[in-house]
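Q: 3D, please:
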Amino acid sequence: MDGCYFHDDELVPEQHYLICFECGHCYVTAEDLLRASNEEHYKMWFKWDQADYDFVPETNPDNIFFCAYCTHDF
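A: Predicted coordinates for the structure are as follows:
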């Protein structure tokens, strides 16, 4: 697969943190993975009407086990 299913073609640098083998999204750094995961989790948190609870963003990329965009396991 060339590029990301959700973001069309993506430039994949030689040095990168992680690529999802399902959708092809490239997380260039661990911070990219954290940002994307927290953004998508935050959106779903309120979509599921969980606004009564505090959203706690993840701070450790080692605790993220699936792609933020397609939810495929790493």
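
Q: Contact partners for the closest residue to V28 other than its chain neighbours?
A: The shortest distance from V28 to any non-neighbouring residue, by CB to CB, 6 or more residues apart in numbering, is to H16 (5.1 Å). In this view, the C-beta of every residue, glycine as well, is placed from N, C-alpha and C. Each residue near H16 by CB atoms under 8 Å, 6 or more residues apart in numbering is listed here: C26, Y27, V28, T29.

Q: what's the spacing between H16 and C26?
A: According to CB to CB, to the nearest Å, H16 stands 5 Å off from C26.

Q: and if you look at A36?
A: Distance from A36 to C26, by CB to CB: 11 Å.

Q: Please name the nearest non-neighbouring residue to E40.
A: A68 (4.4 Å).

Q: So which of the contacts of H16 sit within strands?
A: Using DSSP state E to define strands, the subset of the contacts of H16 located there is C26, Y27.

Q: Now tabulate the contacts of H16 in CSV and tack on distance to T59.
A: What follows is the contacts of H16, written out as CSV (distance: CB to CB, whole Å):
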residue, distance to T59
C26, 22
Y27, 16
V28, 19
T29, 14
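
Q: List buried members of the contacts of H16 by neighbour count.
A: C26, Y27, V28 (16 or more other CB atoms under 10 Å).

Q: Would you agree the second one is in contact with A36?
A: Same thing as Y27. Yes: counting by CB atoms under 8 Å, Y27 does reach A36; the two are 7.0 Å apart.

Q: And the strands in the chain, which stretches?
A: 18-19, 26-27.

Q: Now stretch 7-20: buried residues?
A: Residues L18, I19, C20 are the ones in stretch 7-20 that count as buried (16+ other CB under 10 Å).

Q: got any ranges where the chain has weak pLDDT?
A: 1-2, 10, 46-53 (pLDDT under 70).
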